[in-house]
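Peer 1: can you look at this prediction? I've put the sequence above it.
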Amino acid sequence: MYVQNNWDLPALEGPRDYLTTSVRAITVEKAKAANNKLRTAYAPTVLSILGGGLERLFEEACLPVPKHLITGAPFPLPDHPGGLVNHVIPTYFPWRIQARSAVERAQDIESEMNKLSNPVITTVQSALIEITGTLPTFLLKPIASSLNSRCSVGASIFPVFDAIKKPTLNQIQYMEACVGSPGKSIGTTVVACGINGDQRIVFIMDRRVFPDEKLFQLFGKYVEEELESILSNA
């Protein structure tokens, strides 16, 4: 069904069939508490908790657990110009899934993500984005598809913001966001965002990766159990 350590999928024409779930257990308060236990930053902590849930999901399905999944994610650049604008570059890193402990998984993820802040990488990536942005669509589309084919997962951990400080938004009760798998090979997307401490994580997976819908719906439960294990034992 997929190659160990990666689940790039064979090309599929037409609509794709997805499984989707929303994970609500990792509130900002609990994520910060897990930060202190694991001694890692926020995004690596969240990805580690999700990775633990994913490892459990595949174990329960008697499927081989990948040690890493190559993940594409936006990396924020310094000196944001202000306003509603994307100030990021696309990056790729190995997301650790299989691990002997939550601490090992989290620290490995943080180590890999820290490598992305190399100024040489950010400078080169920024220059490439400016160049490709001038290309016509018929050239840009195959380039973007080729870049996306390098990874199995698309992930983004957006900051949870405080709407109380923004009167025009204080009527919003919760926030969720999702994105389908770009290109023809990415099998999973993860988008985390939220409002007023309530973080929601939408997890989408191609059925060719994981066909068992009933078991997939237990993913949120496995993530919550991973989080509680970290808070009580790590």
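Peer 2: Received it, and whenever you're ready, just let me know what you need.
Peer 1: report the central residue of this protein.
Peer 2: Residue closest to the mean C-alpha point of the chain, counted by C-alpha atoms, centre = their mean, is residue 155 at 2.6 Å.
Peer 1: quick check, that one in a helix?
Peer 2: No - assignment of residue 155 by DSSP: H, G, I helix; E, B strand; the rest coil gives strand, placing it outside any helix.
Peer 1: so the spatially closest residue to it that is not a sequence neighbour is in which element?
Peer 2: Distances taken as C-beta to C-beta, 6 or more residues apart in numbering put residue 190 closest to residue 155, at 4.2 Å, once the chain neighbours are dropped. All C-beta atoms are positioned from the backbone trio N, CA, C, and that covers glycine. Element membership of residue 190, judged by DSSP states H and E, is strand 188-195.
Peer 1: hmm, back to that, which ones are touching the residue nearest to residue 155?
Peer 2: With contact taken as C-beta atoms under 8 Å, 6 or more residues apart in numbering, residue 190 is in contact with 47, 50, 153, 154, 155, 156, 201, 202, 203, 204.
Peer 1: please name the bridge partners of it.
Peer 2: Taking DSSP bridges, one finds residue 155, residue 203 as the beta-bridge partners of residue 190.
Peer 1: residue 174 touches residue 195, doesn't it?
Peer 2: Yes - applying C-beta atoms under 8 Å, one finds residue 174 in contact with residue 195, separated by 6.4 Å.
Peer 1: who has more neighbours, these two?
Peer 2: Legend: neighbour count by other C-beta atoms under 10 Å for residue 174 and residue 195, higher for residue 195 (20 against 13).
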